[in-house]
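Enquirer: With the input below, show me the fold.
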Amino acid sequence: MALFDYLFAAALIAICGTAAWRGGQDERLAAGAIAVAAILSPIVSARHFDGPELSLVLVDLGLFATLGAIALRSRAFWPIWAAGFQLCTLAGHFAAAKSGSMVPAAYAETLAIWSYAVMTSLLVGTLLEGHRNHGRG
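Expert: Residues are numbered from 1 along each chain as shown. Got it, this is the predicted structure:
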């Protein structure tokens, strides 16, 4: 594993752990879905990134559907951001499919960057919702 893989794993554990500990139902559900997607992605991916991999697209589509469903029923605003960032991940898959000549490293980094944005929106939402919930005493 490379240094960035360790950093991603640390961020994933810290953010999903915080959501499980301090978050409400929406945050816990999103943390679980993000963790499952993060575990499945390297398992189903061939890691060539010379074009979209259907199995990886399906994992990302499943995460988008979950985050979108949370956003539709949640009173919080953060799930809209998380679902939007995940939609950007899907746009990266679409761009790779349409382009045909996308540099594999650029495709892989595009997917990675948006995953950090999804996790950051979960963290911000957890901290804001946790603050609101704890502030009501």
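Enquirer: my read: residue 119 touches residue 37, true?
Expert: No - using CB atoms under 8 Å, residue 119 makes no contact with residue 37, being 10.6 Å away. All C-beta atoms are positioned from the backbone trio N, CA, C, and that covers glycine.
Enquirer: so how many other residues sit close to residue 8?
Expert: Residues within reach of residue 8, counting by other CB atoms under 10 Å, total 17.
Enquirer: Mind giving me the packing neighbours of the helix or strand hosting residue 39?
Expert: For residue 39, the host element (DSSP states H and E) is helix 25-44. Counting contacts by 3 or more CB pairs under 8 Å, 6 or more residues apart in numbering; DSSP states H and E, the secondary-structure elements packed against helix 25-44 are helix 3-22, helix 54-73, helix 78-99, helix 104-135.
Enquirer: Run through the protein and note the low-pLDDT ranges.
Expert: Within the chain, the stretches with pLDDT under 70 are 1, 130-137.
Enquirer: what about 90?
Expert: Within the chain, the stretches falling below the threshold (pLDDT under 90) are 1-5, 45-53, 96-111, 129-137.
Enquirer: returning to what we had before: out of the helices and strands packed on helix 25-44, nearest to residue 33?
Expert: Distances from residue 33 to each of these were compared by CB to CB, and the smallest falls on helix 54-73, at 4.2 Å.
Enquirer: ok, the residue nearest to residue 29 when sequence neighbours are not counted - contacts?
Expert: Ranked by CB to CB, 6 or more residues apart in numbering and with sequence neighbours excluded, the top spatial neighbour of residue 29 is residue 70, at 6.0 Å. By CB atoms under 8 Å, 6 or more residues apart in numbering, the contact set of residue 70 is 26, 29-30, 79, 82-83.
Enquirer: I'd like those laid out as a markdown table, including neighbour count.
Expert: Rendered in a markdown table, the data for these read as follows (neighbours: other CB atoms under 10 Å):
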| residue | neighbour count |
| --- | --- |
| 26 | 23 |
| 29 | 18 |
| 30 | 29 |
| 79 | 25 |
| 82 | 28 |
| 83 | 22 |
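Enquirer: and the two most separated of those residues?
Expert: Of all pairs drawn from the contacts of residue 70, the widest gap by CB to CB lies between 29 and 83 and measures 12.6 Å.
Enquirer: That concludes my questions; thank you for your assistance.
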